[in-house]
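Visitor: Generate coordinates for the sequence data below:
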Amino acid sequence: YNQWLTEHTYYLQEFIERQFEDLSDYRYSDLERLQRYHNITSEVVDLVIRPMMEQGKEPVGSMGDDTPLACFSQSQRNFSDFFKQKFAQVTNPPIDPLREKAVMSTTIGLGEIGNPLVEDRDRARRLKSISPILSRDIFDALLSFGDPERPRYEPCYLYATFSTGFSGSLREALETLTEKVIDAVKNEHVRIVILDDRCLSEQQPLIPMAMAIGYINQRLLATGQRQHVSLVACTAEVLEPHSACVLLGYGTMAIYPWLLYSTGLQLCEKQQKSAREIRVALQNIYNALSKGILKVMSKMGISAVSSYRNAALFDLIGLDRQLVEECFHSSAALLPGLGYADIEKRIRRCKPERSICASARWSMDAACNSSAMPSISKSRSAAYLLKRLSR
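Guide: Model (predicted):
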């Protein structure tokens with residue numbers, strides 16, 4: 001076994017000298033438009049992203065939550081807000097992600113799983129990563145093993161990228177996307193499926209990444225192809241550990257949160273940080289997501305992310321029973337509500353208009369500048385500016 005692992009198993013970190021050296025993939029000319037569509041407000045930047053950049057861990061908040069449920073809210077909400085984490089209802093914590101970190105693991109293995117009853121050297125062909133969260137450097141290392149034009153290429157890591165944008169019906173687009181994935185796995189022997197949402201336009205909104213992952217995962221299981229493929233999400237929807245855990249809980253192997261890094265870089269450049277400080281800040285975001293995943297796993301006493309993946313340890317509030325059965329099987333629909341048509345209406349209602357983005361940019365600049373309004377808190381000053389601009 002040791003010889004098989006030594007010859008055929010690689011850690012993606014082995015092929016990286018230093019993370020976050022090349023920042024070109026984190027710069028977008030229409031960044032404000034993307035942030036507006038994905039609900040990245042000045043409050044999210046100030047209360048969620050900034051603490052992760054500065055402290056390298058998820059920000060601490062109060063236990064109270066007086067916001068309406070996502071299904072009842074009239075405001076734009078992230079799709080992960082429909083999911084509520086389950087936890088072991090005991091008096092003492094099932095496992096401590098800080099003091100018992102030595103017995104917990106976020107290590108993942110990409111590639112075909114194969115038949116667990118057959119022991120041969122091919123089962124050792126795995127690409128490992130110390131975290132399901134990827135940076136651009138780790139993502140590039142992963143792609144280098146699946147590209148036939150690269151020297152590291154191995155057929156067992158062949159990848160294909162699929163866009164989650166749609167133009168017709170959401171339900172039909174989801175079915176079409178799934179058929180393409182299944183065909184690629186069956187007939188083209190693709191072993192790593194990458195779902196990418198960097199295709200947003202006014203004519204092409206996005207299928208929620210959690211919905212796409214859940215539906216594809218269930219269809220792959222039904223067709224007997226799930227063990228042959230690893231699902232990777234290249235998504236803007238992951239801004240904090242909860243949204244990352246939603247994707248992991250329904251079958252995602254790895255996540256590349258490109259818009260989170262882009263927003264972090266934007267905030268660093270507005271603060272005129274040096275190249276080294278930018279690397280440290282983006283590395284802190286990476287570490288904060290990984291630590292947050294351990295925290296969520298610890299609520300159920302799970303020590304390895306491989307056991308948390310596909311566990312579906314969430315309750316869904318406000319989604320239709322049919323949608324839950326087809327996309328999030330094994331999870332309970334506690335309060336049935338919105339179906340595919342309702343979700344599509346909400347998606348199309350959020351149009352990435354540049355005029356709105358200008359206001360968002362103003363409010364973010366105010367939040368980034370600590371001296372913008374000395375007599376008012378940062379989040380309140382941003383809200384004040386938005387209110388004035390809306391008039």
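
Visitor: What segments of the stretch 51-200 of the chain are strands?
Guide: Assigned by DSSP state E, counting those that start in this stretch, the stretch 51-200 of the chain shows strands spanning 83-85, 108-110, 126-129, 159-163, 192-196.

Visitor: on contacts alone, who are the packing partners of the third one?
Guide: Applying 3 or more Cβ pairs under 8 Å, 6 or more residues apart in numbering; DSSP states H and E, one finds that strand 126-129 makes contact with strand 9-11, strand 108-110, helix 136-146. All C-beta atoms are positioned from the backbone trio N, CA, C, and that covers glycine.

Visitor: about what we covered before: any chance of the strands of the stretch 51-200 of the chain in JSON lines, plus mean pLDDT, mean neighbour count and distance to Ser29?
Guide: Output for the strands of the stretch 51-200 of the chain, formatted as JSON lines (pLDDT from 0 to 100; neighbours: other Cβ atoms under 10 Å; distance: least, Cβ to Cβ, whole Å):
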{"stretch": "strand 83-85", "mean pLDDT": "94", "mean neighbour count": "18", "distance to Ser29": "33"}
{"stretch": "strand 108-110", "mean pLDDT": "95", "mean neighbour count": "21", "distance to Ser29": "32"}
{"stretch": "strand 126-129", "mean pLDDT": "94", "mean neighbour count": "20", "distance to Ser29": "30"}
{"stretch": "strand 159-163", "mean pLDDT": "97", "mean neighbour count": "17", "distance to Ser29": "19"}
{"stretch": "strand 192-196", "mean pLDDT": "97", "mean neighbour count": "21", "distance to Ser29": "18"}
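
Visitor: and the ones you listed as CSV, adding distance to Met300?
Guide: Formatted as CSV, the strands of the stretch 51-200 of the chain follow (distance: least, Cβ to Cβ, whole Å):
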stretch, distance to Met300
strand 83-85, 9
strand 108-110, 18
strand 126-129, 22
strand 159-163, 31
strand 192-196, 26
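
Visitor: With respect to Val48, which of those strands lies nearest?
Guide: Nearest to Val48 among the strands of the stretch 51-200 of the chain is strand 83-85 (16.7 Å), distances taken as Cβ to Cβ.

Visitor: Just tell me which of the strands of the stretch 51-200 of the chain ends up closest to Leu338.
Guide: Once the strands of the stretch 51-200 of the chain are compared by Cβ to Cβ, strand 83-85 is nearest, at 13.3 Å.

Visitor: State the number of residues packed around Arg36.
Guide: 23 (other Cβ atoms under 10 Å).

Visitor: Revised request: answer the last question for Glu32.
Guide: Glu32 has 21 nearby residues by other Cβ under 10 Å.

Visitor: Now do the strands in the stretch 251-391 of the chain.
Guide: 252-256, 314-319, 332-338.

Visitor: Run the chain-centre distance for the last one.
Guide: Shown here is strand 332-338, whose average C-alpha point lies 23 Å from the average C-alpha point of the whole chain (Cα atoms, centre = their mean, to the nearest Å).

Visitor: what packs against that strand?
Guide: Using 3+ Cβ pairs under 8 Å, 6+ apart, strand 332-338 sits against strand 314-319, helix 321-327.

Visitor: quick check: angle from the longest helix belonging to the chain to strand 252-256?
Guide: Criterion DSSP state H: the longest helix present in the chain is helix 275-298. Angle of helix 275-298 versus strand 252-256, following axes from the mean of the first three to the mean of the last three Cα atoms, to 10 degrees, is 160 degrees.

Visitor: Mind exporting the C-alpha coordinates of helix 275-298 to PDB?
Guide: In PDB, the C-alpha atoms belonging to helix 275-298 read as follows (Å, rounded to 0.1, in the frame of the first residue of the first chain):
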ATOM      1  CA  ALA A 275       2.200  42.900  -2.100                       C
ATOM      2  CA  ARG A 276       3.200  41.000   1.000                       C
ATOM      3  CA  GLU A 277       0.200  42.300   3.000                       C
ATOM      4  CA  ILE A 278      -2.100  41.300   0.200                       C
ATOM      5  CA  ARG A 279      -0.700  37.800   0.100                       C
ATOM      6  CA  VAL A 280      -1.200  37.500   3.900                       C
ATOM      7  CA  ALA A 281      -4.800  38.900   3.700                       C
ATOM      8  CA  LEU A 282      -5.800  36.500   0.900                       C
ATOM      9  CA  GLN A 283      -4.100  33.600   2.800                       C
ATOM     10  CA  ASN A 284      -6.100  34.600   5.800                       C
ATOM     11  CA  ILE A 285      -9.400  34.300   3.800                       C
ATOM     12  CA  TYR A 286      -8.300  30.800   2.700                       C
ATOM     13  CA  ASN A 287      -7.500  29.800   6.300                       C
ATOM     14  CA  ALA A 288     -10.800  31.300   7.600                       C
ATOM     15  CA  LEU A 289     -12.900  29.200   5.300                       C
ATOM     16  CA  SER A 290     -11.000  26.000   6.100                       C
ATOM     17  CA  LYS A 291     -11.300  26.700   9.900                       C
ATOM     18  CA  GLY A 292     -15.000  27.500   9.500                       C
ATOM     19  CA  ILE A 293     -15.600  24.200   7.800                       C
ATOM     20  CA  LEU A 294     -14.100  22.400  10.800                       C
ATOM     21  CA  LYS A 295     -16.300  24.400  13.100                       C
ATOM     22  CA  VAL A 296     -19.500  23.300  11.200                       C
ATOM     23  CA  MET A 297     -18.300  19.700  11.100                       C
ATOM     24  CA  SER A 298     -17.700  19.800  14.900                       C
END
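
Visitor: Please consider this matter closed, and thank you.
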